[in-house]
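> sequence unavailable; structure follows:
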């Protein structure tokens, strides 16, 4: 848990939250990645991209206008 | 147990709901004030508020509709846009048939978005399509995101304004050398095919595109998913009310639902006043000081008005275009407050301000040339059975394709 992967894309404009997540998933083959975002369209666009790459997604609203998308590698 | 979780959820939203109620009350109050002078303005204001609300709830972004097809192979939003176009086409045709029953007499339905088609449409579409991808959102996108608290939207709106000023200053050249020679082609009048065939051609093309987008997605390996949150079954009266409150105000709408609502709102707007367009309000506000100071002549402004439904007029500051533009911002603000999604968002990478501003300039210039944006010259134009809408759409697609090549480098 200590060295969990976190990708902070808060404040980024469209479409960088999705682009950066894809890039991270493609570059680092990590078993788990947490994406912090305040860009609501990312909640609709990141999951299909992550599923395509073999990850399961869980979306959680962490505070006003901020979400954490937890991506876990499926075997 | 279920009641408990619902109550907890509800209390979390209480504050947002109170603020939202006050804002909704303000919106109605404005509407009552406007109706004292002009009942149409009041209706346009309310409809624009609902439009902004829907844009925010469905995260509807015309830019992503085109862009994501190339960037991610996803046609998620585009399918919503196509649904809206289909619905609007049916409604617009009924209204136009009522305005102009006989298409053989050479008359065009007033206020419908039927524009000259040619080099100006293509150039405008290319520039606009490229600009909206660079800026991270088109004009309507920038407006509703401003309502949600995106600071970069301010620079893209400033950019749009600058682009409009540049385009207005070069308008006479474009008009005298290009636009004057372009034909205004309305499908029912081409070969005199009338309404029935125009509707058949338009709706079949939209449906075929819908299928094509799904095929494209299947090739790109895009999965249609529904990430369902565990729904608590609603038994009691408060639970039932909360369930619907949640569906309308808290949960996001699917692009298909968003597109459908926007399609219906477009029809209502046409009945009340004119098809929806959001760049007109901005150019109207800009044109006033420009003509006052003599930077552009009033002849230029009136020639712009004659052609475009989406551009300014000589009326007072607060006209229906003004209402549409600012109503969308307000509606989105209310939606983001109630759903708890309002947040001042500033980018860590400060170059994003420059990027949005430059994209905005391109959008402002393009929108003036093609007499409207993704809404006015596309979403309201294809349902008007205007050929310009389709040509603009193709140019938008090509422009955004080039745009995706550039933004990948600006990561």
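Received, thanks. The model shown is predicted, which means the values in this text are computed figures rather than measured ones. Numbering: from 1, shown residues only, chains lettered A, B, ... in the order given.
> give the helix, strand or coil label for the residue most central in space within chain A.
For chain A, the residue sitting closest to the mean C-alpha position, by CA atoms, centre = their mean, is residue A:35 at 3.5 Å. Taking DSSP: H, G, I helix; E, B strand; the rest coil as the rule, one finds residue A:35 in the strand state.
> excluding covalently adjacent residues, which one is nearest to whichever residue of chain A sits closest to chain B?
Residue nearest to chain B within chain A: residue A:65 (3.2 Å; CB to the nearest CB). Any C-beta I mention is one placed from the backbone N, CA and C, and that applies to glycine too. Distance criterion CB to CB, 6 or more residues apart in numbering or on different chains; nearest residue to residue A:65, sequence neighbours excluded, is residue B:343 at 3.2 Å.
> gap between the one you found and residue A:41?
Residue B:343 sits at a distance of 14 Å from residue A:41 (criterion: CB to CB, to the nearest Å).
> neighbour count for these two, which is higher?
residue A:41 (24 against 18; other CB atoms under 10 Å in any protein chain shown).
> leaving out sequence neighbours, find the closest residue to that one.
Using CB to CB, 6+ apart, the closest residue to residue A:41 is residue B:59 (4.3 Å).
> can you say which helix or strand has the closest residue to chain A within the stretch 201-350 of chain B in it?
When scored by CB to the nearest CB, the stretch 201-350 of chain B has residue B:343 as its residue closest to chain A, at 3.2 Å. Using DSSP states H and E, residue B:343 sits within no helix or strand.
> returning to that earlier point: pretty sure the residue nearest to residue A:41 is touching residue A:44, no?
Yes - with contact defined as CB atoms under 8 Å, residue B:59 and residue A:44 form a contacting pair (6.4 Å).
> burial count for the closest residue to residue B:298 other than its chain neighbours?
Of all residues not flanking residue B:298 in the chain, residue B:291 sits nearest, at 5.2 Å (CB to CB, 6+ apart). Residue B:291: 19 surrounding residues under other CB under 10 Å.
> what separation is there between residue B:291 and residue B:60?
34 Å.
> try residue B:176
Distance, residue B:176 to residue B:60, by CB to CB: 37 Å.
> between these two, tell me which one has more neighbours.
For residue B:176 and residue B:60, the more surrounded residue by other CB under 10 Å is residue B:60, and the numbers stand at 26 against 11.
> so what's that one closest to, chain neighbours aside?
Per CB to CB, 6+ apart, closest to residue B:60 is residue B:258, 4.6 Å.
> settle this for me: the one you found is touching residue B:56, isn't it.
No - between residue B:258 and residue B:56 no contact is recorded; they are 9.6 Å apart, counting by CB under 8 Å.
> burial count for the residue nearest to residue B:190 when sequence neighbours are not counted?
Spatial nearest neighbour of residue B:190, chain neighbours left out: residue B:387 (7.4 Å); criterion: CB to CB, 6+ apart. Using other CB under 10 Å, the number of residues around residue B:387 comes to 20.
> give me the neighbour count for the spatially closest residue to residue B:374 that is not a sequence neighbour.
The shortest distance from residue B:374 to any non-neighbouring residue, by CB to CB, 6+ apart, is to residue B:62 (3.8 Å). Counted with other CB under 10 Å, the neighbours of residue B:62 add up to 26.
> residue B:62 is in contact with residue B:138, isn't it?
Yes - Residue B:62 is within contact range of residue B:138, at 4.7 Å (criterion: CB under 8 Å).
> show me which residues of the stretch 251-400 of chain B sit near chain A.
Residues of the stretch 251-400 of chain B found near chain A (CB under 8 Å from any CB of the partner chain) are B:252, B:255, B:336, B:340-343, B:345-349, B:352, B:355-356.
> who wins on neighbours among the residues you listed?
That'd be residue B:356 among these, by other CB under 10 Å, with 29 neighbours.
> and that residue, which of the three is it?
helix.
> residue 26 - how many residues pack around it?
Just going to use chain A. Residue A:26 sits with 9 neighbouring residues when counted by other CB under 10 Å.
> that's the wrong chain, I meant chain B
12.
> does it sit in a helix or strand, and which one?
Using DSSP H and E, residue B:26 maps to helix B:2-37.
> list the buried residues of that helix.
By 16 or more other CB atoms under 10 Å in any protein chain shown, the buried positions in helix B:2-37 come out as B:6, B:13, B:16, B:17, B:20, B:23, B:24, B:27, B:30, B:31, B:34.
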